[in-house]
Every structure is written in C-alpha cells, then in structure tokens.
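Asker: my questions are about this predicted structure, shown below with the sequence.
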Amino acid sequence: MAPAAPTAMPLVPIPVPVPVPAAPIGPPLPSNQQEARGMFIGLLAGLVEPVALEPIGAELSRIFQQSTSLSEEQLVEAFLEALVTVTFDPQHITAEQSVAPFLSVLPLLKDVPERDAQRSQAKQPTLRDKIKGKVIQKVLTHLNQKRAVTTDRKEFYLQAEAFAVLCAMDFVAVDGAVQTIEKLLKNSEKRAAAVTVLGKTVERCKDKVAAANPAMLASLFSVLDSITDKQFEYDIDWINNNMQRTRTPAAAPAPVAVPQPIPVAAAPLQAPPAAAPAGALSGIDRSRAKLHVTKTFQNPALGPGGTFFTLGWDPKALRLVSGGKEVPITVWEQDGTVHKTIDCSGTYVCCVDVETMNQLVLMCGIFEPPSPEGYKSRIAIYDGRPGQNYNQIGEIKRPEVEMTAVVRALPDTANIIAGETIRLMNNAYQEQIGLYDLNNTVKPGSTTSASPVATFNDHKQLVTCLTPLPGQTGVFVSGSRDFTVKIWDARTGPTAVATLGVPQGDFTATTHLEMVTCLDVAGDLLLSGSIDQSIAAWDLRAVGHTKPMAVAGATSIANYHGQQMQWQNGGILKASLDGSPIDKLAAVATVQGLFTVDFSTATPLINAAHAFDANGSNTPKQYSDIKWSSQTGWLYASAGDRAAVDLLEITQA
C-alpha cells in the first residue's frame, strides 16, 4: 500500500515591522546640573584609555548645543566641576596617568556655529574661549597658593603638568607663560610650584619656550639663576641642560621711570567759566533725575554714512572731540559748532582722549586696510593749543602692533598708556598696556616707531578700557576681555598692584562674568561696566575688598518713564561719572538705551533717559560713548548708528 502523501505545512507569513518614531540622536540631555556633571564625568573619564577624541568632543558639544533645561552658565559650571574632578584625581600620579588626554578635548568643544559667529563678530568670548579662560584660572589659582619649599609636590604636580599642556596647545601664550612662571619664582612661598611648572613646560614644549620673547626669557632665567634652595638644584640643572644654557649670575632689573611733563610753552588762555562743583545741581530730586535730549550736533562737512564711536573732552578749551568709522575726527565747540575737522582717512578711530597739560588730542586707530608699509595700527597726537590748529605733531606706528584698542593720557606726566595686541615672532599674540613717553614722539611732522618705556602684561585677553586715578601720578586702572579690573602704578613696576573683584585669587569668581567694556572714576568712586549687563561701584579707599560696594545689573529695578521693571539692559557699553552735576550719579549707555544710575545708596537708583530714535518710535537710542562736561552739567552722547552727537540735560522725572 502506497504511503499517504505528507500533509502540506501552512505557510506562516513573516511579520512586517511596524514603523516607530525615530529615537532622538544621542542619549537624553541633562535636566539639572547634577545630571550634567555626571554625564560630563562619564565622558571625560573615558579618556583614560586611548580613544578617539572626536566622538567625545562631539557629544560634549551636543550637550552644550541642545540642552534647554540649563543655561549656558550652568552647563559651564557643571563641566568645569567634572573636568577638575577627573583631571586632577590624585590617583593619576600613582598610575602615572597624564592629564593631557582630558585637556586635549577642549579644542573640540563647539557651540552652535551661528552663535559662535555672532559672538566673534561682537568681539565676545565664544563658548570654547569662555571655558578655556576658566580652566586656566582654575589651574593658576591652585598654583598660586602659598606653600613651603619642602612641600610634597604631589599637591600641585597635576596642575603643573596641566599648565604645560595648555601652553603646548597654545591656550596659554608662551610669553604669558614665561612671565607667569617668573612671577611665581620670585615668591619663595610659590617657588616649588613654579620650578615644577617650568620643568614640565620645558619637557612638553621646550621649542616654544626657546622662541619666547628674548627679553622676557632672559628675565626668567635671571630669576632662576638667583635661586639657591637646595631642594631645586636637580630641577634647575635639568632645565638648564634641556634649554642648552649655562647658569649665570642674575642681573638687577631696571627701575621704571616716569618722565617729567613735556617742556612746551602754551599760549595764555582765556579763563573758562567757573565750574559748578559736583552735586551742585539745584532743585532736582536725585531719585528722579532723568536725562533728555535737547540738541543734536552734526558736521555739515560729512556726507552720509559713518558713525562716531568715541568722545573726548577738553576742559581747558571747553571743546568736544569725536572720532569713529569712515569719518574724520571732529572738534566741536561746546554748543555744537564745528571748530575743526581733522582728516584721518583710512583709519578706524577706536579711541580719542585729551592730554590737558598741553591740550594735545590723542587718537588710536586701526588702518583699514593695512597701510602700504604693513602697519595695522597707530597712535596720533594733534596740537590743540591756541594757534596750532590741531596739526599732527607726532605718531607712533610699530609693525608688531596688531591693534590698539584704547589710549589715555596720564595726568601730570609726559606719559600716555595704550591697550595693545602684539604679534610675537612665533605668531602668538600678547595683550599688553604700553607706557609711552611723549617727549620721544612729539616731533612736528614726524613718524616714529618708538617703543614703550614700560609694558604691563598681566591681562590675558584684550585690554578694552583704561582710566587714570586723579591725584595719583602714574596710577591707572584697566579693564579687559578677561573679565578683570586691575590697578597699576607705573612707578613700582610691571605687575598690577591690585585686581578688583577676585576673592583670594580665585579667577573663576570674578565680579564681572563677561568682557569689561568701560571704566570711569570720580573722587574715591570707580565704576566698571561689562557686557554681562552689570556695572559695579568700587571704593578706592578699600581696594583690598573682594566685592564692590554696589552693583546694578539685570536683576535691578529701573524706572522706565514711570513704570518699574527689571533692568534688562542687554550689556553695558559706556559709563560716565567724572564731571556729573550730581555727586555719584552716573550716565550709563547700554545696548538697550541710556540711563542714569545713582550710586549714593547701597541699592542703585536707575532711571531711563528720554532719548528715542528719530523715526517717531519709542525705541531707545543706543549710544557708543558718553562724556559729562563738568563746566555745564551737560552730557554729550555719540549716536551708535550715525555720525551725530546728542546733547542731554538732567531734568526731574
């Protein structure tokens, strides 16, 4: 019997997958700082093993770019905590683990390209620059702690290596590194860290060190050669052998001299009208003081286009000086009549000032484009004495100066100071304040490449503003893109005598969190403004204090024409205090308009000015610079969008 045919097995259809929504790319984003810190630690800890840096850099950047639950400041704080925890883990010393992998991810941090581009255009630090600055400050703060020369070097070994790595990555300019190490070497309580830092820096990048500014390098080795502590003999010999040098006796540094005033004879002037003393404006309730526009000046010789960017005031001649982009320098009588137009074709004027002893107008600017000789920046001096017609009588042009952002006269001396960006021979950049002697530069019709008689290099980024301290010869204050405010005395040497708003040398806790944009001083009160929307008031009788006496910022309450609102000013551009007709009442120009800020109380009183765009809208005017005239109590303000100057007076709101 034939076997039965097998029963056919039913076919089971293959299930078709049901489409599901695409999962978000990458792991979930942090919802709070603790989660962010944990995520950052996890990513950074993975760098202990040899791995490709790019994926980790990309994931770190994704967190910064896409997180919506945390502000950038909160993310930066969480990242710094994680980086410090992972990088400076003491177990690395035992395991002979370098800190380099953890720091090597820093150049890969990227913000949203559009946001980075906007910051670069506005000359604000990018996300990477901001983190870089804070990392450097963390490292320097640890190295600056006082220790005995016999201290176990494990206390700072990792930070010393980190400094060397940052120098090798060009995060720390080699000239700045050389000066920092020299400064530490001079202090016996910081010498152990300094010797270790120098050794690690030579080990990591001795070619960079060898290419440093020769004068700075010679000064460093002069200090190194003077050290006799036996604890450092081996280190110093190792450094000298690797740098192929022989120990030589140290040379004493030359003192900084402040020259005498320029010996020029000024023709007699007519006596100006008596100035009203500060605070003498009568009939005004200071809590309701308000500025309003009464007149607008324009130079009829100027065509359309261009803007006035900077103002200077001559209290002897009672004249205003303005300069800017694509416009000549204009000298105005106090009523707005044009006294003189000074041609400065091809120069973007960054700053003007008046040296009052000889009535010299100072100008610094950028060549647009660079001059045929290759110069990129210059300082010019014009003679404003009676009968001299503001003829140019001196000029400073140096090929290594990439930019001169600000120039100021030092009263009662023949000195001027300038904030300069210097290109070094290795194409790195150095920020400095140059002190020039006008006796070397004021020569009718001359151009000179005179070098500064002294330089001051403590700032790590662009020096944006300078102001002398009245009644203190050779003493001045500087503000910078590195968020700090420093006080200097040209008579005592190239190191700042004080840094304001930095508690116990902790440069991660500066009063200002963004670039310092302006300074002004009257009596014992110093003001510093920042793009972070804050303006701080400092008591110059107590410069050792780590906090300002008062701060007005984005959380302050302002009076907007009868309505009380938070002061969302968008960033401080300029502040003017000197010459104010009301004691401690400052005019403050911001991204969102002009205000008066009264610092006579612990809580500053803020009033919006009655200054609106000419198109009939209620849009507040933005001003690029402001100056009080102490003789009249008027405020001059240069329009931020055109070549015009507004005159404002104080009334009662």
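Answerer: That came through fine. Numbers count the residues shown, from 1 in each chain.
Asker: mind listing what residue 433 touches?
Answerer: 417-420, 455-457, 459, 463, 466, 478, 488 (C-beta atoms under 8 Å, 6 or more residues apart in numbering). All C-beta atoms are positioned from the backbone trio N, CA, C, and that covers glycine.
Asker: if we go to 6 Å?
Answerer: Residue 433 makes contacts with 417, 419, 456, 463, 478, as judged by C-beta atoms under 6 Å, 6 or more residues apart in numbering.
Asker: if I look at the nearest residue to it once chain neighbours are set aside, how far off is residue 536?
Answerer: In space, and not counting its chain neighbours, residue 433 is closest to residue 456: 4.2 Å by C-beta to C-beta, 6 or more residues apart in numbering. With distances taken as C-beta to C-beta, to the nearest Å, residue 456 is found 22 Å from residue 536.
Asker: cool, residue 215 as well?
Answerer: 35 Å.
Asker: can you check residue 327 too?
Answerer: Residue 327 sits 32 Å away from residue 536, going by C-beta to C-beta.
Asker: what of residue 340?
Answerer: Residue 340 is 37 Å from residue 536, where distance means C-beta to C-beta.
Asker: who has more neighbours out of these two?
Answerer: Neighbours were counted for residue 340 and for residue 536 using other C-beta atoms under 10 Å; residue 536 has more, 24 against 17.
Asker: phi first, then psi, for the spatially closest residue to the more buried one that is not a sequence neighbour.
Answerer: Distance criterion C-beta to C-beta, 6+ apart; nearest residue to residue 536, sequence neighbours excluded, is residue 548 at 3.9 Å. Backbone torsions for residue 548, taken as degrees, to the nearest 10, come to phi -70, psi 160.
Asker: I'd assumed residue 538 was in contact with residue 548.
Answerer: Yes - using C-beta atoms under 6 Å, residue 548 is in contact with residue 538, at 5.1 Å.
Asker: which one of those two has more residues nearby?
Answerer: Using other C-beta under 10 Å as the criterion, residue 548 and residue 538 rank with residue 538 on top: 26 against 21.
Asker: name the element that one belongs to?
Answerer: Assigned by DSSP states H and E, residue 538 belongs to strand 535-539.
Asker: distance between that strand and the chain's centre?
Answerer: Strand 535-539 sits 17 Å away from the centroid of its parent chain (C-alpha atoms, centre = their mean, to the nearest Å).
Asker: neighbouring contacts of the helix or strand just after that strand?
Answerer: Using DSSP H and E, the helix or strand that follows strand 535-539 towards the C-terminus is strand 550-552. With contact meaning C-beta under 6 Å, 6+ apart, strand 550-552 is reached by 534-537, 597, 599, 602, 604.
Asker: repeat for stretch 153-162
Answerer: By C-beta under 6 Å, 6+ apart, stretch 153-162 touches 88, 93, 99, 139, 142-143, 193, 196-197, 200.
Asker: quick one: which of those sit in helices?
Answerer: The helices, defined by DSSP state H, take in 93, 139, 142-143, 193, 196-197, 200 from the contacts of stretch 153-162.
Asker: buried subset of those residues as a ChimeraX selection?
Answerer: Here is the ChimeraX command that selects the buried residues among these (16 or more other C-beta atoms under 10 Å):
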select :139,142,143,193,196,197,200
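Asker: ok, the ones in helices among the contacts of stretch 153-162 vs residue 624, which is closest?
Answerer: residue 139 (36.5 Å; C-beta to C-beta).
Asker: my guess is that closest one contacts residue 163. True?
Answerer: Yes - using C-beta under 6 Å, residue 139 makes contact with residue 163 at a distance of 5.4 Å.
Asker: fine by me, thanks again.
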